[in-house]
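Asker: Sequence first, then the predicted structure, then my questions.
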Amino acid sequence: MKTILKSILLFLCIGVASTAFSQYKYVASESSMVIFGTSNVHDWEETCNDVTGTLNLTLDGNEIDKITGISMNIPVKSIKSGKGGMDDNTYKALKEKEHPIITYKIKSFGVTEGKVHLTGTVTVAGVTKEIKFPAAYTVSGDQISFKGTANLKMTDFGVDPPTAVMGTIKCGDDLKFEFDIVFKK
């Protein structure tokens, strides 16, 4: 009788532990990114609404306990300014024909009060660099959203800042990315 009771208690404990910390896989949807830059003439921005990826994590209620994987893909051709010539210059600068996808893969993370501190690798134009940035996160039903910013330099990825009108318009090297990535179960 004691053995049966111990077995039942063991199964109950395992069941409670597995529901407290559950492993989930999410897929990116409804995500967007805005890229802000400068030039010697005016500031500019480009948007990207074709962000795909996956997120694997463990939740403790509505809090992230552990991230076991994030990978993101952004097709270079999905970056749009609304100006055809600027888009063409972007694709050329990012070497779209040889490297049509920008990727991000997580290496490590930390969690503090509604924020994740991500360290991962970004590959742009065939060059991979490690970047660190924080993002606020929200868990709501079957979705998790990450909002934040990241700053990069084009030249860190071997990208020459684009020029136009025979070199009279020159883009600055610094870029700011604002992202709102939504993952759904």
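Answerer: Perfect, thanks for sending it. In this text, all values refer to a predicted model and were calculated from it rather than measured experimentally.

Asker: hmm, who's touching the host helix or strand of residue 58?
Answerer: For residue 58, the element it lies in under DSSP states H and E is strand 52-60. By C-beta atoms under 8 Å, 6 or more residues apart in numbering, the residues outside strand 52-60 that reach it are 20-28, 64-74, 104, 139, 144, 181, 183. C-beta here means a position set from N, CA and C on the backbone, and glycine is covered the same way.

Asker: got the CA positions of it in PDB?
Answerer: Only the C-alpha atoms of strand 52-60 are listed here, as PDB (Å, rounded to 0.1, in the frame of the first residue of the first chain):
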ATOM      1  CA  THR A  52      10.300  34.800 -40.200                       C
ATOM      2  CA  GLY A  53      11.700  32.600 -37.400                       C
ATOM      3  CA  THR A  54      11.200  30.300 -34.500                       C
ATOM      4  CA  LEU A  55      11.500  30.600 -30.700                       C
ATOM      5  CA  ASN A  56      11.900  27.800 -28.300                       C
ATOM      6  CA  LEU A  57      11.600  28.500 -24.600                       C
ATOM      7  CA  THR A  58      10.500  27.400 -21.200                       C
ATOM      8  CA  LEU A  59       7.900  29.500 -19.400                       C
ATOM      9  CA  ASP A  60       7.100  29.800 -15.700                       C
END
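
Asker: low-scoring pLDDT stretches of this structure, where are they?
Answerer: 1-22 (pLDDT under 70).

Asker: for it, longest strand please?
Answerer: strand 21-37 (DSSP state E).

Asker: give me the beta-bridge partners of the residue nearest to the spatial centre of the chain?
Answerer: With distances taken as C-alpha atoms, centre = their mean, the residue of the chain nearest its centroid is residue 72 (5.7 Å). When bridges are called by DSSP bridges, residue 72 pairs up with residue 53, residue 104.

Asker: what comes up buried for the strand holding residue 58?
Answerer: By 16 or more other C-beta atoms under 10 Å, the buried positions in strand 52-60 come out as 53, 55-57, 59.
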